[in-house]
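>>> sharing a model prediction with you, sequence too.
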Amino acid sequence: MTDLAARWRAALTDELPAAIELRHRLHADPRASGDEEDTARAVTAALGLGEGMRVAKTGRLLELPGEHPGPAVALRAELDALPVAERTGVPWASNSGLMHACGHDVHLAALVAVCRAARRVGLPRRLVAVLQPREETSPPGALDIVESGALEELGVDTVIGAHVQPRLAHNVVSAAPGPVNASTDEFEVVLHGQGGHAGYPHLVRDPVLALSQLVVSLQQLASRRIDPVHGAVCTVGRIKAGTAANVVPPTATAQGSLRLMRASDRDEALEVLAEIVHSTARAYGCTADLHLSPGEPVLVNDPALAAAAQPWLLDGGADVDVDFRSFGADDFAHYCGSGTRGLMLFVGLGDTAGARSLHDEVFLPEDAAVGQVAGALLAGYLAALQPGGYE
C-alpha cells in the first residue's frame, strides 16, 4: 500500500499540468444543472476510458480495471455550475452568466488527474469515476444515480468525494466521522389577509405584519425547539408583498430553508415549522398555505473510512481535521447508506480562494487546489482498501 501510494502520487504530479489546463477550459465554459452534456463530454475525453455508462441523463460512470476481484471504489465529481455572474477578472473567466463558483471545475480536473495517474501505476481494486450532474439543483443527480442501480451493477460499495472549503485553513483536509453536512428542506409560506387602504389599519388584516412576525418567530425553531447540541438553521431568504407604499396587499409570501444535522430531528422540525406558520397567521387574523419541498438528507461519513483516510492524508502532506461540520447540504448524502458507504473530505483553501465562502462571484481557488483535491481523493481510495474496508 505504501509503495502504491508513493508511485501513484509521483504519477499524479506528472498529470497535474494537463489537469490544470482542463480546469481552465471547464471554468471558462460552464454549464447549468441538467445541461452538462458538453462538460461531461470534455471530461470523458480527458479521462481516456471510452464513453462509459450514461447515467442521470448527462452523467457518466467510467471504470478503471483492478488487479484483484472484489468491490469497486467510486470517486465522484460534479459537472454543473451556478447562475452567478463571475467577477474574478482572470483570462479564463466565464462571461456567460454561469460560473463554477463552488469549485466543481477543480473537482473534475482533480478526478481526471487521479484516474490518469492510476492507469499508469495499476490499482488493486477497480475504480469507478462518477461524473455527476445536478448537484446544485433538484431533482438531485446523486439520487438518480443511486436509484438507477448503476453503482450496484458495477459492484461499487464505497463512494469518495472531496470538496474545496474556504472555511478550513489552507492545506487542511477534514476527514470527520459521522454527520458533516445538514439535511435541507425548502418551504414557501403564502399568508392570506384582507387588503385595503394603509390609512385604515382597523379595516384590514395585514399579511405583511403577519409575515414580519413569522420571520422572527421561526427563529425559535432553532433556539427553543431543537436540542442545541445538534442544532438547526431556519433561514427566510426571500419575501414578497405589495405593489405600493399606501396599499395593504391581500397576500404576502416568504421562502426559506430548514437545515438539520440529525436525521431524527427532521420530522419533528417540519411539524414545528407548520405549527409556527399557522399559529402566527391566526394571531394576525390571516390564514396560511405552507408548501414543502424536500431536499437532501444528512450527509453521514462512514466512521471507519474517515479513520482510515486520516493517515493517508498525513502521509500525503496534508494537515488533518476531524471536527469540521457544515450546515451546507450536498446530494453526496445519497451515496451514504443506500447500498454504499460514503466519505466526503473537505479540502481547506483558507484565504487563497478570493472569497470567504462558496457561491461568491469572486470565488476562485488557486490552481494548486487541483492537486490538493486529487490528493484527498487518492487518500479516500486507499482508505477503502484498509482492513475492514472490504469484507
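On my side now, so go ahead.

>>> which residues touch Glu86?
Taking CB atoms under 8 Å, 6 or more residues apart in numbering as the contact definition, Glu86 lies against Ala93, Ser94, Asn95, Met99, Ala101, Glu361. Glycine gets a C-beta too; all of them are placed from N, C-alpha and C.

>>> report the two of these separated the most.
Asn95 and Ala101 (14.0 Å; CB to CB).

>>> who has more neighbours, those two?
In terms of neighbours (other CB atoms under 10 Å), Ala101 is the more surrounded of Asn95 and Ala101; the figures are 27 against 10.

>>> confirm the more buried one sits in a helix?
No. The secondary structure assignment for Ala101 gives coil rather than a helix, going by DSSP: H, G, I helix; E, B strand; the rest coil.

>>> partners of the helix or strand that contains Ile239, with directions?
Assigned by DSSP states H and E, Ile239 belongs to strand 232-241. Paired neighbours of strand 232-241 in the sheet (DSSP bridges): strand 251-260 (antiparallel).

>>> any idea how far the partner strand is from the chain center?
Averaged C-alpha coordinates place strand 251-260 at 20 Å from its chain's average position (CA atoms, centre = their mean, to the nearest Å).

>>> and what of stretch 358-367?
When distances are taken as CA atoms, centre = their mean, stretch 358-367 is centred 15 Å away from the chain's centroid.

>>> what's in contact with it?
In contact with stretch 358-367 (CB under 8 Å, 6+ apart) are residues 20, 23, 82, 84-88, 90, 99, 101-103, 106, 164-166, 328, 349, 352-355, 357.

>>> change it to 7 Å
For stretch 358-367, the external contacting residues (CB atoms under 7 Å, 6 or more residues apart in numbering) are 20, 23, 82, 84-88, 90, 101-103, 106, 164, 166, 349, 352-355.

>>> now, those that are in helices?
If you go by DSSP state H, those have Ile20, Arg23, Val106 in helices.

>>> if we can go back for a sec, mean confidence score for the strand holding Ile239?
Within the predicted structure, the mean pLDDT of strand 232-241 is 96.

>>> what's the answer for stretch 132-150, then?
Along stretch 132-150, the predicted local confidence has a mean pLDDT of 96.

>>> ditto for stretch 28-36
Per-residue confidence for stretch 28-36 averages out to 98 on the pLDDT scale.

>>> can I get it in CSV, CA atoms only?
Output for stretch 28-36, consisting of C-alpha atoms alone and laid out as CSV, is shown next (Å, rounded to 0.1, in the frame of the first residue of the first chain):
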residue,chain,number,x,y,z
ALA,A,28,-14.3,29.3,-18.9
ASP,A,29,-17.2,27.3,-20.4
PRO,A,30,-19.5,26.2,-17.6
ARG,A,31,-22.9,24.5,-17.9
ALA,A,32,-26.1,24.8,-15.9
SER,A,33,-27.6,21.9,-13.9
GLY,A,34,-29.2,19.5,-16.3
ASP,A,35,-27.4,20.9,-19.3
GLU,A,36,-23.9,19.4,-18.6
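
>>> which outside residues touch it?
Residues outside stretch 28-36 that contact it (CB under 7 Å, 6+ apart) are 38-39, 58, 79-81, 83, 92-94, 96, 98-100, 133-134, 136-137.

>>> show the buried residues in these.
In terms of neighbour count (16 or more other CB atoms under 10 Å), the buried residues within those are Thr39, Thr58, Leu79, Asp80, Ala81, Ser94, Leu98, Met99, His100, Pro133, Arg134, Glu136.

>>> hmm, back to that, between the contacts of Glu86, which sits nearest Phe187?
Minimum separation from Phe187 among the contacts of Glu86 (CB to CB) is found for Ala101, which lies at 24.7 Å.

>>> gap between that closest one and Ala32?
When distance is defined by CB to CB, to the nearest Å, Ala101 is 12 Å away from Ala32.

>>> which residues in the stretch 1-150 of the chain form helices?
Taking DSSP state H, counting those that start in this stretch, the helices of the stretch 1-150 of the chain run over residues 2-28, 37-47, 104-121, 141-148, 150-153.
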